[in-house]
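In: sequence plus the predicted model coming up.
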Amino acid sequence: MKKIRIRKALANPVKTYEESASSYWFDDIDTDFTYEVNNKKQVDYTKLASAQRAIGNFVNIVTGKQIPVHFQNNDQSYTDGRSVTIGSKIEDKNFDATVGLALHEGSHIAFTNFKLLDGCYIGSGFHSYIAMRGGDPDMNMVESDIMQVKDLFNWIEDRRIDYHVYTNAPGYRKYYESMYAKYFNSAIVDKALQSEEKTDEDWDSYMFRIINLTNPNRKIDALEVLPAVWKTIDLKNISRLKTSEDALNVAIEVYKIVSKQVKGSASKQQQDKSNKTSSKSQSETSSNDNNKLSNRQQERLKKQIQKQKEFVNGKPKKVGKLSKKDNAIVKSLKESGTESNPINTGKFGAHMYNVDAIVIKKMTHSVMCHMESIFDSRNLLEDREPRSYYGPGDGVQEGIILGKQLGKKLQLRNEEKSLKSTRLNTGKIDRRLISQLGFQNANVFHRIVTDRYKNFFIHISIDASGSMGGRRFRNAIKSAVAIAQAASMTTGIRVQISLRGTSNLEGNVEKTVTVYAYDSAVDKMSKIKKYFPYLQTFGCTPEGLSFKSILPYIKADAKGDECIFINYSDGAPSSVTGCAYTYNGIDFTRKVINEMKEIGINVLSYFIDGRSEGWSADAFRRMYGNNAEFIDTSNLTQISKSINKKFLEISETI
């Protein structure tokens, strides 16, 4: 047994259950995707989006195809040949089974020839295929017979595909085992297989026994021709079936065996039952009575059989469906790459003090429209001018104007200096000196040395807490946009802009939220012009928690270039729900800043208020040390001097 901590609001209880496959990648797994607000269940959008993206990644890895995975809007999960649909109620007890089912259905999309099932009716292509393989020699099949062949094919095709994935992707076996445990190896099925249930020579009994041939409790001799069916399917050598056509051929052979037996015994059914009863000894009868299922058990078995039939038909029922609104929100978060990163706030590394930090990796139109607690969503939806006091106001346009002025100065970075040295004894041959070789002059080589500026990666993080609203937020946006505009006019500088704050995201627990609003590697300045006016301040000041949550991304995005982290903020950090009682935001932020420096990230931190005295200014110095600067961030000259100074410092250390 492995102990896995489940984060629950303030309590942080510990839950113990059998080790799951998901526990290896879902750190401190908490698969409760809902929470209560005023005694009403609410959807945790970020968790659902993360789970959906993770399951989708698994499906794509196993199949080698980009197969969409989305949540159902009705009562069923099915494969339509193009995408996989799953239920939204994914709890810890069925999480692995849900992953296994998604892998199973995704594998069908990749490996099953759906064209074979071209209509399950008389005269269809599917019927013609059955007839050509001898499945309907007298041409008297009815539609129910065709459906029986289809059910047999579905089950055999499932075994073929599951074996292929199980052997070729061993890392995903535990998910398949969980899926089989849920649908085929339940306790009631185990008991039924060992009892006298489903032992009549009819299709119902044969299908039950065939569907459960993978169960260790199977009884091959429970039905008269079941041994012949077992031999024909040959599960131990299922790998011999390479295509869906191979699986269908086996299904037709099984159908012929069972159909002949069922039809032949139909007229003698009553007599066979009588002979079966009279031939048994008293002890055998007593033993069978003990093995009979009670009425309650028979009801449970009936439900489980229905669940198995739905699985075989590719329509297993799933619990939980999203409303149109919820589905749109989850989809937008998934597409934006939103992740929930656990940040440890305990001094000694105790996982019980982890808090979730939400990172929205890409600010999309959909995300902005669906997250009213962070963006000016209503005005954006209705295409109205943003008028919020907590927004950037004219800061965006002013920043673009300032940036163009700064960009003209930075265009010197585009220039290259080349120095050609000639009459050398090594290098490339200078054609103009070749004639001198005849005069025993061997110095006919030249070398060209070109000086270029080093590439820089700049990540700008803006404090978007409520206290920044108004002039401070406007100046921070103005400064950041100016840097982005200037960088767009030169080469070798990549700029990212992120905003940080806190929000409960329509729930009851406040979380750190960091939004990647702009990335010059993928975005154009038109995105800033169109969407930045709809930014606004939100929540409190997370500082170190936010920095820690994006630290891995910053280093990865830098790709070896010189990295500069620029921070704009106006005060000391606050705590969020779930932090350790010993958590100190100032000390934690200083620790994260030191981590940045240790891995080669250069830090610039601007106190947005500009005043260098007072408690907030002292806290600012404690967090950022020598990297703390008190300047007017709306002043182009001060900004350019500060950044150029940092450029020079980096150049001197290269």
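Out: Perfect, I can see it now.
In: distance between stretch 255-266 and the chain's centre?
Out: With Cα atoms, centre = their mean, to the nearest Å as the basis, stretch 255-266 stands 48 Å off its chain's centre.
In: can you tell me what sits against it?
Out: 130, 134-135, 145, 148-149, 152, 201-203, 206, 224-225, 228-229, 232, 272 (Cβ atoms under 8 Å, 6 or more residues apart in numbering). (Each C-beta comes from the backbone N, C-alpha and C, glycine too.)
In: let's see it at 7 Å
Out: For stretch 255-266, the surrounding residues in contact (Cβ atoms under 7 Å, 6 or more residues apart in numbering) are 134-135, 148-149, 152, 201-203, 206, 224-225, 228-229, 232, 272.
In: buried among the residues you listed? Need that as a selection in ChimeraX.
Out: A single ChimeraX command selects the buried members of those (16 or more other Cβ atoms under 10 Å):
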select :135,148,149,152,201,202,203,206,225,228,229,232
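In: which residue in the contacts of stretch 255-266 has the weakest pLDDT?
Out: Across the contacts of stretch 255-266, the smallest pLDDT goes to Asp272, namely 52.
In: hmm, back to that, among the contacts of stretch 255-266, which pair sits farthest apart?
Out: Across the contacts of stretch 255-266, the longest distance by Cβ to Cβ is 27.0 Å; it joins Gly134 and Asp272.
In: between the contacts of stretch 255-266, which sits nearest Val355?
Out: Leu152 (52.5 Å).
In: so that closest one touches Val254, yeah?
Out: Yes. Leu152 lies in contact with Val254 (Cβ atoms under 7 Å); the separation is 5.3 Å.
In: ok, Tyr172 - contacts?
Out: Phe58, Val62, Leu103, Val165.
In: work out for me the element the first one sits within.
Out: Okay, so that is Phe58. In the assignment (DSSP states H and E), Phe58 maps to helix 45-63.
In: so which residues make contact with that helix?
Out: 33, 66-67, 69, 71, 84, 86, 88, 90, 99, 102-103, 106-107, 109-110, 165, 169, 172, 329-330, 333-334, 338-340, 358, 505.
In: quick one on the thing from earlier: and which of the contacts of Tyr172 is nearest to Gln485?
Out: Using Cβ to Cβ, the contacts of Tyr172 come closest to Gln485 at Phe58, 41.2 Å.
In: what about that closest one, how many residues nearby?
Out: 21 (other Cβ atoms under 10 Å).
In: repeat that for Arg471.
Out: 13.
In: now it: phi and psi?
Out: Main-chain dihedrals, Arg471, degrees, to the nearest 10: phi -60, psi -40.
In: what distance do you get for it to Cys563?
Out: 30 Å (Cβ to Cβ, to the nearest Å).
In: kindly report the same for Lys530.
Out: 28 Å.
In: same thing with His164?
Out: From His164 to Cys563 the distance is 44 Å (Cβ to Cβ).
In: more crowded one of those two?
Out: Under the neighbour definition other Cβ under 10 Å, His164 and Cys563 were set side by side, and Cys563 has more, 22 against 18.
In: just say helix, strand or coil for that one.
Out: Here Cys563 is strand, with the state taken from DSSP: H, G, I helix; E, B strand; the rest coil.
In: for Asp557, what is the enclosing helix or strand?
Out: helix 544-558.
In: gap between the nearest residue to Met489 once chain neighbours are set aside and Asn140?
Out: Nearest residue to Met489 in three dimensions, chain neighbours excluded: Gly407, at 3.3 Å (Cβ to Cβ, 6 or more residues apart in numbering). To Asn140, Gly407 is 82 Å away according to Cβ to Cβ.
In: number of residues surrounding the residue nearest to Met489?
Out: 18.
In: tell me which other helices or strands the host helix or strand of it touches.
Out: Using DSSP H and E, Gly407 sits within helix 395-410. The contact analysis (3 or more Cβ pairs under 7 Å, 6 or more residues apart in numbering; DSSP states H and E) places helix 395-410 against helix 471-488, helix 636-653.
In: which strands or helices does the first one pack on?
Out: If contacts are counted by 3+ Cβ pairs under 7 Å, 6+ apart, helix 471-488 sits against helix 395-410, strand 456-463, strand 493-503, helix 525-531, helix 636-653.
In: could you rerun that using 10 Å?
Out: helix 395-410, strand 456-463, strand 493-503, strand 511-519, helix 525-531, strand 562-569, strand 601-607, helix 636-653 (3 or more Cβ pairs under 10 Å, 6 or more residues apart in numbering; DSSP states H and E).
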